[in-house]
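Participant: starting from these lines, generate the structure:
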Amino acid sequence: MTSTRTPSRPGQLRQRAGSRTPGVHPWVMKPFEPGRACVEGMALVPSWPLLLGGRAREAHPVLVIPGLGGGNVWTVPLRTTLTSLRYQVHGIRPKSQRGLPGRVVEAFAERIEELATEHGQPISIVAWSVGGAYARQAALMRAPRVRQLITLGSPLDGPWYTRRASGAQGLLPFPTTAVHSRSDGVYDWRRCLQPEGPQAENVEIFSSHVGMSSNPLVLRVITNRLALPAGSWHPYGAGLSA
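Facilitator: Next up is the predicted model:
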């Protein structure tokens, strides 16, 4: 797992010194997505002792957002893991992903506001695939209510971004981690890179797209990021190993 530097505009890649390969085109990897996702899901079971070796340093509310039209059932492994670490884990409201992008973004923004009010503190958000595109916009609309945002294979372009929240494709006013995979079989990994800044990073892992929410490598990044004390964010792999 490595951190990938990007230029100031999403979707554009500046070649890194020592970069080995530009990655595999999603069309090549797409047929292997179901099988890879199954293997990644099975690998989660023997990995649980490592993932659950500690407890949440600061137990706080976490909203988990699935991919486009997936529903909460798709994030059961991820939510179960985070619940076992004593986070207060929540999913999205039923049918909140239906409708035009503007409606979905507004529904997610209302959910963020609801949970932050319920718990009396800002919440963390973990969002997968297109759910991350919606989450960036909703979180920007409710920035004071957001502790941090983690996206998994989420494109920073496409029809899911509304004019109202166009700034969501740039640097956000809270810590943001964008997890991406060069072997993603759905979205070109370059589309999932965000501009980097003092509180924004890109973390590269090896994963399918469909299996990102149950891949042990991805969950390791997520639990590492969530364990950071509020106000003490730093890039992945810099100083905190849990």
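Participant: quick check, residue 203 in contact with residue 176.
Facilitator: No. If you go by C-beta atoms under 8 Å, residue 203 and residue 176 don't touch, sitting 10.9 Å apart. (Each C-beta comes from the backbone N, C-alpha and C, glycine too.)
Participant: which of the two has more neighbours?
Facilitator: residue 176 (25 against 22; other C-beta atoms under 10 Å).
Participant: how near is that one to residue 197?
Facilitator: Distance of residue 176 to residue 197, given as C-beta to C-beta, to the nearest Å: 9 Å.
Participant: between residue 203 and residue 176, what contacts are shared?
Facilitator: Counting by C-beta atoms under 8 Å, 6 or more residues apart in numbering, no residue touches both residue 203 and residue 176.
Participant: residue 140: how many residues sit nearby?
Facilitator: For residue 140, using other C-beta under 10 Å, the count is 22.
Participant: within the helices and strands, which one has it?
Facilitator: helix 130-141 (DSSP states H and E).
Participant: next: residue 178.
Facilitator: Element membership for residue 178, per DSSP H and E: strand 176-180.
Participant: sheet-wise, list the partners of that strand with their directions.
Facilitator: Neighbouring strands of strand 176-180 in its sheet, by DSSP bridges, are strand 146-152 (parallel), strand 200-204 (parallel).
Participant: could you dump the ones you listed into CSV with distance to residue 134 added?
Facilitator: Shown next, in CSV, are the strands paired with strand 176-180 (distance: least, C-beta to C-beta, whole Å):
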stretch, distance to residue 134
strand 146-152, 10
strand 200-204, 18
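Participant: for the protein, just list every one of the helices.
Facilitator: 26-29, 33-51, 76-84, 101-119, 130-141, 216-226 (DSSP state H).
Participant: could you identify which of the ones you listed is most buried?
Facilitator: helix 130-141 (a mean of 27; mean count of other C-beta atoms under 10 Å).
Participant: which residues sit against the helix holding residue 140?
Facilitator: So helix 130-141 is contacted by 65-68, 70, 97, 101, 104-106, 108-109, 111-112, 125, 127, 146, 149, 151-156, 158, 160-162, 164-165, 167-169, 172-174, 176, 178 (C-beta under 8 Å, 6+ apart).
Participant: filter those down to the buried ones, PyMOL style.
Facilitator: The buried subset of the contacts of helix 130-141, as determined by 16 or more other C-beta atoms under 10 Å, is captured in PyMOL by this line:
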select buried, resi 65+66+67+70+97+101+104+105+106+108+109+111+112+125+127+146+149+151+152+153+154+155+156+160+161+162+165+168+169+172+174+176+178
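Participant: next one: residue 89 from residue 180, what distance?
Facilitator: Relative to residue 180, residue 89 is positioned 23 Å away (C-beta to C-beta).
Participant: for the two, indicate the residue with more neighbours.
Facilitator: residue 180 (27 against 20).
Participant: measure that one to residue 153 for me?
Facilitator: 6 Å.
Participant: identify the contacts common to those two.
Facilitator: residue 192.
Participant: just to revisit the earlier point, rebuild the strands paired with strand 176-180 as a markdown table, extending it with mean pLDDT and distance to residue 216.
Facilitator: Listed next are these as a markdown table, based on pLDDT from 0 to 100; distance: least, C-beta to C-beta, whole Å:
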| stretch | mean pLDDT | distance to residue 216 |
| --- | --- | --- |
| strand 146-152 | 98 | 13 |
| strand 200-204 | 97 | 14 |
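Participant: tell me which of those sits nearest to residue 217.
Facilitator: With C-beta to C-beta, the closest approach to residue 217 among those belongs to strand 200-204: 9.8 Å.
Participant: and the angle from the closest one to helix 216-226?
Facilitator: 160 degrees (axes from the mean of the first three to the mean of the last three C-alpha atoms, to 10 degrees).
Participant: beta partners of residue 65?
Facilitator: Taking DSSP bridges, one finds residue 127 as the beta-bridge partners of residue 65.
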